[in-house]
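[1] Please work out how this folds:
(chains A and B)
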Amino acid sequence: MIIRHADKIKSPQRIQQSFETLGYICSDAIATAVYLACQLQKPILIEGPPGVGKTELAKKTAEYLNAELIRMQCYEGLDEAKALYEWKYGKQLLYTQLLKDQLGDVMRGAKGLDESVSRLHQFGDIFYSEEFLETRPLLQALKSDEGAILLIDEIDKADQEFEAFLLEMLSEYQVSIPEIGTIKAKSKPIVMLTSNNTRELGDALKRRCLHLYIPFPDPHLEQKIISSQVPELKADLREQLVNFVAELRELSLKKTPAVSETIDWARALLLLNVEELDRDFVANTLNLLLKFQEDIEQVTPALHQLLSDSKSSLRRAKKS
Amino acid sequence: MQKPLGDFIYALREHGLPVSPAESLDAMQAVRLIGIEHPLQLRSALGMTLAKTQEHLILLETLFQQFFQLNDHTQLTSQIETADQTNLAETQESNEPQAQAQAQAQESQPSDVATDPQSNDSAGSAVASPLGQQLMDNEQAALSVAIAAAGAQSGAQTMQAVTQQSQVTYRIMRKLGNEALNQELLALSEDPEQNTRFIELKRRQQQLQQQTREYVEQQYLLFTLPKGKQLRTQNLQRVKLTNVDHHYQAQMGQLIQQAAKKLASLHSRRRKVSKRGLLDVRRTIAANAAFDGLLFHTKWKATRIERPKVLVLCDVSGSVSRVARFLLLFLHSLQDVLPKVRSFVFASDMGEVTELFERLTVEEALAEIMDRWANRPTDYGCALEDFKRLALNDIDPKTTVIMLGDARNNQSDGRSDIWQQVYQRSQRVLWLNPEGRFSWDSGDSIISEYAPYCSKVEPCNSLNDINRILNNLLKHG
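    Predicted coordinates:
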């Protein structure tokens, strides 16, 4: 990675502050991780519940460093052809058809099979050269002149084989293509892998990465995030909302509401001109926060209690 | 910084974190970049490079706290510097004969640290022994360096048992020159004029003793305690299940779940590889007829994935209930890799508990099973009749039947004819007997009646046995 402004990654504090101006409020640990990844040229493996801003971190890093963001979404069955490279079969076919006449010229006058074949050999591997190579995200990241941010999203969804295939790329920043040879990175990309922990990742992969766990933010941090994302929302309401969501997270739900859901909800509050959280309003918009009917059914009867709890904690905070 | 970081990583390994040398190097580089001024930042940097799961991260954070005794910011810096000096002192000492080095180290230390003129009260000059002088000069940094150095030599990091703590403390005090100090104290106590100085020196000596004791205790917590835990884990895997003390059952449960997880990940991987079979030549040629016979699209034969169907019958009567508990626990954890496990329990009547396992947590399910079926006289005949009614028709040639029981039938009819039918219909019948081979067929045990209708009869009385048997089951499944 060529970083045009080396002072941008001078210290974790600097990164934290700059991210804040970009609208990404992050904890110390996150800033330290980005700092170390830039300085040590190591990939970061980001884990955490869905919706805490794992993918967003990569986007913001790219924006901050003015680098290209190359994103690869993983899924079951993802293989080299989709992740690394593929030959442009269509182009190869078309060219052979077009060059048929040319080939006839070349072959004219050749005596016997041996001579024809040896004449063909003189052309080398034209059809397996870089012109016929379809680059996929991983190769793109390696070939990027100034280094890129490579986001490998939801690596846990990919197969174990693919994970093993990534190892060479992550530690040496190079890949081997049988027909061409080894391709080394022009400039090492910053790699970020995200995982939702649907399966345990291999130790070899973990060893090569810095490991960053992003938990749900504490109420103070979450308020800061909301105020940067939805600045129009009143401070009182914001506090109440964050407290309410924090109460929800204490319950044993199928899917706990994440930061992104809190932000959505805050936007809804703003749109509907709500002054204060009341029971009816919350009951009507609960589907923005909770994504399973069972969860909604579990929370609805307890709404009154939850709301009064969040209000009392608000009052307590004000007193102190 | 190298020495304390190395020690810290050693402590992490002792607590079960698998830190590889490559990761240590990363940590070293990270620390060089981050510096040691901000303890929290340092902690997260170490967390990122050394701990790779959340569980390990939490462990690392507590250890970090313990190791660097992080109370305020300044302390960390001094702690690390202290340790660095210790390192220096140690290398110095290893070059020369020990006694000489000891003296030298003690002489050199006061000069290392700038003495604070205010604390250097007039009493200091009159004290003769080197340790006494240091005490009266109140050189905290130098003293903690000396304690750490003496501690390393006295084996503070290689203690085996908690009882060794006082011995190590004594050795450290001796190395520090406590004997000379004691003699001097004796001389002072006889002189009434020196009474105030005696009391002061005595107080400081006690303080030092306290400090040393705390150091040793901390070392014990960091280095020795986890060793005991490792030893216990190993032993628990070998020990007979019937002999596992109630106290260890929680830990045993954890071990079983770990083992099940390991087996599951091992075998789920194996299945995936076999998903794709050989090249199907005929279909490939047919599919590529459109391309002038050029083979663009390859067609593969799919391998049929065989998931073993497993029926487990578990005797929960008094004598085997403890082992049954563990086997049920293990099978419950294994349901990821074997989705078709049906569990039955019996003492006299038999009941299916598969649904119970799905509905309740492991602990609740086990409690309910023990409550409903256990504590009745064993009757294999009656139980097998129930089994015939419940599940005999579901047994097909892909089914494995596992029976866990001691075949002690209180002298009644064992109905081995039903067991024969089970054997004929199924792929395999395993009988796991918690008793050792020598007690088979003794007393009211009728294992030899069933044995002809089992593919295998094996004694099974430790976690290692369960592990091995289920491993085989999965391999051939």
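[2] neighbouring contacts of stretch A:275-288?
    A:236-237, A:240-241, A:244, A:261, A:264-265, A:268, A:272, A:274, A:296, A:299-300, A:303-304, A:307, A:310-311 (C-beta atoms under 8 Å, 6 or more residues apart in numbering or on different chains). C-betas here are computed from N, CA, C, even on glycine.
[3] likewise stretch A:99-113?
    Counting by C-beta under 8 Å, 6+ apart, residues outside stretch A:99-113 touching it are A:Ser116, A:Arg119, A:Leu120.
[4] Now do it: distance from first to last residue.
    Stretch A:99-113 has an end-to-end distance of 20 Å (C-alpha to C-alpha, to the nearest Å).
[5] Give me the distance from it to the chain's centre.
    52 Å (C-alpha atoms, centre = their mean, to the nearest Å).
[6] now swap in stretch B:458-477 and tell me
    Worked out by C-alpha atoms, centre = their mean, stretch B:458-477 lies 22 Å from the chain centre.
[7] Pretty sure B:Asp7 sits in a helix.
    Yes: B:Asp7 forms part of a helix when assessed by DSSP: H, G, I helix; E, B strand; the rest coil.
[8] quick one: contacts for B:Gln165?
    B:Met159, B:Arg213, B:Val216, B:Glu217, B:Tyr220.
[9] ok, and the second one, which helix or strand is that part of?
    It refers to B:Arg213. Using DSSP states H and E, B:Arg213 sits in helix B:195-219.
[10] ok, which stretches of the stretch 51-200 of chain A are strands?
    A:68-73, A:85-87, A:133-135, A:148-153, A:174-177, A:181-184, A:190-195 (DSSP state E, counting those that start in this stretch).
[11] Near chain A, which residues of chain B are found?
    Within chain B, the residues that sit near chain A (C-beta under 8 Å from any C-beta of the partner chain) are B:18, B:20, B:22-23, B:26, B:29-30, B:33-34, B:40-41, B:44-45, B:47-49, B:51-54, B:57, B:265, B:269, B:272, B:296.
[12] before we move on, the earlier item: out of the strands of the stretch 51-200 of chain A, flag the one nearest A:Thr61.
    strand A:148-153 (5.6 Å; C-beta to C-beta).
[13] in its sheet, what does the closest one sit against?
    Partners of strand A:148-153 in the sheet, by DSSP bridges, are strand A:68-73 (parallel), strand A:190-195 (parallel).
[14] And the pLDDT at A:Glu63?
    In this model, A:Glu63 is scored at 91, pLDDT.
[15] For the residue nearest to it when sequence neighbours are not counted, give me its contacts.
    By the measure of C-beta to C-beta, 6 or more residues apart in numbering or on different chains, the closest residue to A:Glu63 outside its immediate chain neighbours is A:Leu22, 6.1 Å from it. Contacts for A:Leu22 (C-beta under 8 Å, 6+ apart) come out as A:Lys60, A:Glu63, A:Tyr64.
[16] Out of those residues, flag the one nearest to A:Leu221.
    A:Lys60 (15.6 Å).
[17] For B:Pro459, list each beta-bridge partner.
    With DSSP bridges as the rule, B:Pro459 is bridged to B:Asn433.
[18] mind checking how far it is from chain A?
    Distance, B:Pro459 to chain A, using C-beta to the nearest C-beta, to the nearest Å: 33 Å.
[19] Quick check, that residue in contact with B:Glu435.
    Yes: in this structure B:Pro459 lies within contact range of B:Glu435 using C-beta atoms under 8 Å: 6.8 Å.
[20] Now do the SS call for B:Leu278.
    strand.
[21] Local confidence estimate at it?
    73.
[22] Same check on A:Val191?
    93.
[23] Can you tell me the closest non-neighbouring residue to it?
    A:Pro43 (3.7 Å).
[24] The one you found touches A:Ala58, doesn't it?
    No: applying C-beta under 8 Å as the test, A:Pro43 and A:Ala58 come out as separate, 11.3 Å apart.
[25] And B:Val127, what's its pLDDT?
    In this model, B:Val127 carries a pLDDT of 68.
[26] which of the contacts of A:Leu22 lies closest to B:Tyr450?
    Closest to B:Tyr450, out of all of the contacts of A:Leu22 and judged by C-beta to C-beta, is A:Lys60, at 67.3 Å.
[27] so how far is chain B from that closest one?
    18 Å.
[28] cool, and A:Trp87?
    11 Å.
[29] Would you mind measuring from that residue to A:Tyr95?
    12 Å (C-beta to C-beta, to the nearest Å).
[30] related to what we said a few turns ago, give me whichever of the strands paired with strand A:148-153 is most buried.
    strand A:190-195 (a mean of 26; mean count of other C-beta atoms under 10 Å in any protein chain shown).
[31] Show residues contacting that one.
    Contacts for strand A:190-195 (C-beta under 8 Å, 6+ apart): A:1, A:37-38, A:41, A:43-47, A:54-55, A:57-58, A:61, A:65, A:67, A:141, A:147-156, A:170, A:201, A:205, A:209.
[32] 7 Å instead?
    A:1, A:37-38, A:43-47, A:54-55, A:57-58, A:61, A:149-156, A:170, A:201, A:209 (C-beta atoms under 7 Å, 6 or more residues apart in numbering or on different chains).
[33] hmm, which of the residues you listed are the buried ones?
    A:1, A:37-38, A:43-47, A:54-55, A:57-58, A:61, A:149-156, A:170, A:201, A:209 (16 or more other C-beta atoms under 10 Å in any protein chain shown).
[34] from the residues you listed, which ones fall inside helices?
    Judged by DSSP state H, the buried ones among the contacts of strand A:190-195 include A:Ala37, A:Cys38, A:Lys54, A:Thr55, A:Leu57, A:Ala58, A:Thr61, A:Leu170 as members of helices.
[35] returning to that earlier point: quick check: PyMOL command selecting the buried ones in the contacts of B:Gln165.
    Selection of buried members from the contacts of B:Gln165 for PyMOL, criterion 16+ other C-beta under 10 Å:
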select buried, chain B and resi 159+213+216+220
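[36] Throw the contacts of B:Gln165 into a markdown table and include pLDDT, thanks.
    Below are the contacts of B:Gln165 laid out as a markdown table (pLDDT from 0 to 100):
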| residue | pLDDT |
| --- | --- |
| B:Met159 | 76 |
| B:Arg213 | 85 |
| B:Val216 | 83 |
| B:Glu217 | 82 |
| B:Tyr220 | 78 |
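[37] Return the member of the contacts of B:Gln165 nearest to A:Leu221.
    B:Glu217 (36.9 Å).
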